[in-house]
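**Student:** mind looking at a prediction? Sequence and model below.
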Amino acid sequence: MASDYDVIIIGSGPGGGTTAQALAKTGKKILLIERGDYLIRSRDNWDTGQVFGANRYQADETWYDDKDKPFTPGLHYFVGGNSKMYGAALFRLRECDFGEIEHEDGLSPAWPVGYDTFEPYYQQAEELFHVHGRRGEDPTAPPAPKPYAYDAVEHEPRIAQLAQDLSAEGYNPFHLPVGVLLDEKNLQPLPHSPCIRCDRFDGYPCPTNGKADAQVMCVDPALRDYPNLTLMTNTYVTRLITDASGGAIKEVEIETGGETRTLSADIFVVACGALSSALLFLRSACETHPDGLANQSGQVGRNYMRHNNSVVLALSKSENPTRFQKTLGLNDFYRAPKDGGKGDWDFPLGHIQMVGKSDGEQIEAEGLPASMQWISQKPFDWIAKHSIDFWLQSEDLPLPQNRIYYDGDKVRLDLTLTNQEAHRRLRQKLRDLCDKTDIHPHLFDRKLYFGHNIPIGGTAHQSGTMRFGNDPMNSVLNEDCKPHELDNVYVTDASFFPSIGAVNPTLTIIANALRVADVITQRIVA
C-alpha cells in the first residue's frame, strides 16, 4: 500500500523548516507538522508586559526539576518554532569547537566530523537566513572562503563608541552576525525594509516580519513556491510507530481537532527541538524498543546541554539612546590563553554580545538588587536611558545525568550545573571592561528575560539529547543524523550536538538541516 506522504517532517523551527524548504525542491509529497499555529501579529508582540511579564507566547506546560519543583519550560509552539522569539544571532561554531576542549569541569568532546564538513552548509545557511556580518573582525571566527552576502548591521553612535573604546584597550569587538531582513542607509531603514531598526528586535516576536526566523525564511516561501509541500498546524505527534521488525518507522500517530489518527510516509524527519524530540522518542517505546525508540545505548534524553547564560544591564555614564542595540560581539575570552585567548585563567571563559535594549517597564518589573541601591531615587526610565545590555554565555558540558525523561506522567528535566567558575570569571571580565569604557562596573541581572520560574539558562539553547557519533553504544544518531537502530528517520534539530561550544547554536542547526536534507534527497530522488 502506498504511503500517505514521501516525507513527514515533525516541527517547523530552524531544523524542520529548513529541511522542509530543502526537500520541497525535490517535488516529492511532503507534510510539515507543527504542534502550534501561526503567531498572531499584533501590538502585543512588542509589549514588554505581555512578552516577558505575562509570558504570553510561552508554552502552557508544567515540567519538574530534579527536586520535584515545577517550572514552565521556555518553549514556543508556533510555525517557526522557538525562532519566533530568538535573538537571531547566527554564528558558525569555532573550528576548535569540533575538537576536544579542556574545561575545569572536564572535556568538551570532539565531533565525529570536522568543521570542513559543515563549512559549505554554513555558507548556505547564512545566505538563506540573510545573515548580516563582516568577515575578518573576529579573530576566533573559522575559515570562510566567501564574504557575508549581507553587510553588517551598523552600530548606532553609543555602541560605535563602545567598540572604539574596546579596541583602544586592545580587544577585538566585531559586528554581530545577525539574521535580519534589513536594508539600511545611515542607520535608517529604507522604505521597503521589513526591519525598522526598532528596540524590540531581541526576544520579541516581530510583527513586521523583519526577523529572519524559520517561518519567514523557510516555511512561508516553501509553501508559496512548492505545492507539493503541505503544512498541518495545531497537530501534536503523540508517537512514532514502527513496522513489525522494529527497524523502520511506518506511521506517526497524531492528535488534531480532537481526533487521533495515523499518517504514513517513506521517510520521517524529527525536529521538535532537542527536549521535545527526545520526549517523542521516549514515549514511542514499543515491544522492539522497550526503553524508547533508538535507545539501546540508553542515551536518548541524556547529555542535555544549554549555555550558561546571563543577561545583564550596566549603566553608561552618558545616555545610551540606541534603539537597535544587538550589533556588537566580543570573543577575546572565548579560548584559553594557551590557545590565544585574553583571559588570565587556564580555561576558556565564553562569549559576550549585546542584547536588546532595556526599557523602564522591564527594569521596574525586575526590581533593583541591593548592589544597585547606589542609584538612589533614580526613576526606572532614567536607568533605561543609561542602560547598556549584554548577553554572556559560557559552554555547558554534556553529562549523562543531565537529561529529559518521563516520570510517570510528569516530564522531568534533571540539571547539574557545569562550568560555573568560567561564567563567573566572564562576568568579572565584563565588569572590568565596563570600568574602562565609560560604563559603571555594576551588573544588574535581567532574569525576567528568561521568563518566570525558569532557572537561569532555562531551556535556552537546548541541545544534545540524542547526540551523533560513530559508536552505537554511546550515541543515538550516526554521522547522517539517522538513529543507529532505525532505517528511515532523521533528526534535524539540536538534539545531535555532542558539545555546544559557546556561541549561539541556531546557525549550526540550520547548516546541519541542509546537510541532512542533501542525504535524504539522494535517497528519495531516483
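**Tutor:** It's in. Numbering: from 1, shown residues only.

**Student:** contact partners of the helix or strand of the chain at the bottom of the mean pLDDT ranking?
**Tutor:** Here the helix or strand of the chain ranked lowest by mean pLDDT, DSSP states H and E is helix 360-366, holding a mean of 72. For helix 360-366, the surrounding residues in contact (Cβ atoms under 8 Å, 6 or more residues apart in numbering) are 48-49, 52-53, 313, 379-381, 383-384, 387, 444-448. Placement of C-beta: from N, CA and C, glycine included.

**Student:** now it: buried residues?
**Tutor:** Residues of helix 360-366 classed as buried: 360-363, 366 (neighbour count, 16 or more other Cβ atoms under 10 Å).

**Student:** contacts only, for the residue nearest to residue 137 when sequence neighbours are not counted.
**Tutor:** Nearest residue to residue 137, sequence neighbours excluded (Cβ to Cβ, 6 or more residues apart in numbering): residue 174, at 3.6 Å. Applying Cβ under 8 Å, 6+ apart, we find residue 174 in contact with 134, 137-138, 141, 328-331.

**Student:** show me where this protein dips below the pLDDT cut-off.
**Tutor:** 365-378, 447-459, 526 (pLDDT under 70).

**Student:** that's a helix at residue 391, yeah?
**Tutor:** No: per DSSP: H, G, I helix; E, B strand; the rest coil, residue 391 lies outside any helix segment and is strand.

**Student:** surely it is in contact with residue 203?
**Tutor:** No: counting by Cβ atoms under 8 Å, residue 203 is not a contact partner of residue 391; they are 9.8 Å apart.

**Student:** neighbour count: those two, which is higher?
**Tutor:** residue 391 (25 against 19; other Cβ atoms under 10 Å).

**Student:** which residues touch that one?
**Tutor:** 87, 309-311, 352-355.

**Student:** and for residue 404?
**Tutor:** 275, 278-279, 301, 304, 411-413, 465.

**Student:** between those residues, which has the most around it?
**Tutor:** Most surrounded of those: other Cβ under 10 Å gives residue 465, at 33 neighbours.

**Student:** quick one: the helices in the stretch 101-250 of the chain, in order.
**Tutor:** Listed in chain order, the helices of the stretch 101-250 of the chain (DSSP state H, counting those that start in this stretch) span 115-128, 157-168, 214, 220-225.

**Student:** what's the most buried one of these?
**Tutor:** Ranked by mean neighbour count, the helices of the stretch 101-250 of the chain are led by helix 214 with a mean of 32 (mean count of other Cβ atoms under 10 Å).

**Student:** nearest to residue 252 among the contacts of helix 360-366?
**Tutor:** residue 52 (34.5 Å; Cβ to Cβ).

**Student:** distance check, the nearest residue to residue 165 once chain neighbours are set aside against residue 166.
**Tutor:** Nearest residue to residue 165, sequence neighbours excluded (Cβ to Cβ, 6+ apart): residue 437, at 4.0 Å. Taking Cβ to Cβ, to the nearest Å as the measure, residue 437 falls 6 Å from residue 166.

**Student:** and what of residue 21?
**Tutor:** 38 Å.

**Student:** same check on residue 231?
**Tutor:** Distance from residue 231 to residue 166, by Cβ to Cβ: 45 Å.

**Student:** residue 379 now?
**Tutor:** 30 Å.

**Student:** and residue 159, by the same measure?
**Tutor:** 10 Å.

**Student:** what about the helices in the stretch 301-450 of the chain?
**Tutor:** 360-366, 380-386, 420-436.

**Student:** redo these as JSON lines? Include distance to residue 181.
**Tutor:** Output for the helices of the stretch 301-450 of the chain, formatted as JSON lines (distance: least, Cβ to Cβ, whole Å):
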{"stretch": "helix 360-366", "distance to residue 181": "25"}
{"stretch": "helix 380-386", "distance to residue 181": "27"}
{"stretch": "helix 420-436", "distance to residue 181": "30"}
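
**Student:** who wins for proximity to residue 240 among those?
**Tutor:** helix 420-436 (36.9 Å).

**Student:** what residues sit buried inside the closest one?
**Tutor:** 422-423, 425-427, 429-431, 433-434.

**Student:** ok, so of those, who is nearest residue 251?
**Tutor:** Using Cβ to Cβ, the buried residues of helix 420-436 come closest to residue 251 at residue 423, 44.3 Å.

**Student:** still on that earlier bit, what touches both of residue 391 and residue 203?
**Tutor:** 87, 355.

**Student:** so what's residue 523 up against?
**Tutor:** Applying Cβ under 8 Å, 6+ apart, the residues near residue 523 are residue 267.

**Student:** ok, residue 283 next?
**Tutor:** 238-239, 292, 406 are the contacts of residue 283 under Cβ under 8 Å, 6+ apart.

**Student:** gap between residue 257 and residue 234?
**Tutor:** 7 Å.

**Student:** when those two are compared, which one has more neighbours?
**Tutor:** residue 234 (13 against 8).

**Student:** what about that one, distance to residue 277?
**Tutor:** 19 Å.
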